[in-house]
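1. Sequence and predicted model, in that order:
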Amino acid sequence: MPSRKPSSSRKFQRTQARRLWLMYPLRLIKQPVIWELGHKFELVTNVRQASVTDEIGIVCLELEGAPAEVEAGVKWLRKLGVNVEPVELNAIES
């Protein structure tokens with residue numbers, strides 16, 4: 001599979017990084033949801049923390065990209081049935 005090269009217009013776009021908690025339903029546990037997210041949208045994904053069992057998946061994910069891409073990615077996750085919540089930073093992380 002050829003690697004994707006960033007478009008030249010992407011270099012000059014404003015980007016944002018958001019940390020999110022994702023809670024996967026049982027039916028999505030074994031699906032490559034984060035991989036798909038990074039390929040469907042121009043986003044950099046970074047798993048910060050994860051706990052996955054046979055019954056539930058909880059992931060702290062950092063998304064970086066243009067604000068419209070981040071929003072579209074979050075909407076796509078929710079449409080799949082993933083519960084998406086913002087990470088509340090604590091004093092140690094800030």
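-> Sure, I can see it.
2. Let me know the pLDDT of residue 1.
-> Looking at residue 1, its pLDDT stands at 45.
3. cool, residue 90 as well?
-> Per-residue confidence at residue 90 stands at 57 (pLDDT).
4. And for residue 14?
-> Looking at residue 14, its pLDDT is 88.
5. Three-state assignment for the closest residue to residue 74 other than its chain neighbours, please.
-> The spatial neighbour of residue 74 that comes closest, neighbours along the chain excluded (Cβ to Cβ, 6 or more residues apart in numbering), is residue 84 at 5.5 Å. The way it works is simple: take the backbone N, C-alpha and C, and place the C-beta from them, glycine included. Assigned state for residue 84: strand (three-state reduction, DSSP: H, G, I helix; E, B strand; the rest coil).
6. Just the strands from the chain, written as ranges.
-> Residue ranges of the strands in the chain, as given by DSSP state E, are 16-24, 44-52, 57-65, 83-86.
7. Need the residues that contact the last one.
-> Defining contact as Cβ atoms under 8 Å, 6 or more residues apart in numbering, one finds that strand 83-86 is touched by 18, 19, 20, 21, 22, 23, 74, 77, 78.
8. mind showing which ranges of this structure have poor pLDDT?
-> 1-13, 89-94 (pLDDT under 70).
9. the longest helix in it is where?
-> helix 67-80 (DSSP state H).
10. Just list what it packs against, helices and strands only.
-> Counting contacts by 3 or more Cβ pairs under 8 Å, 6 or more residues apart in numbering; DSSP states H and E, helix 67-80 packs against strand 16-24, helix 33-40, strand 57-65, strand 83-86.
11. what angle do that helix and helix 33-40 make?
-> 140 degrees (axes from the mean of the first three to the mean of the last three Cα atoms, to 10 degrees).
12. List the buried residues in helix 67-80.
-> Residues of helix 67-80 classed as buried: 69, 70, 72, 73, 74, 76, 77, 80 (neighbour count, 16 or more other Cβ atoms under 10 Å).
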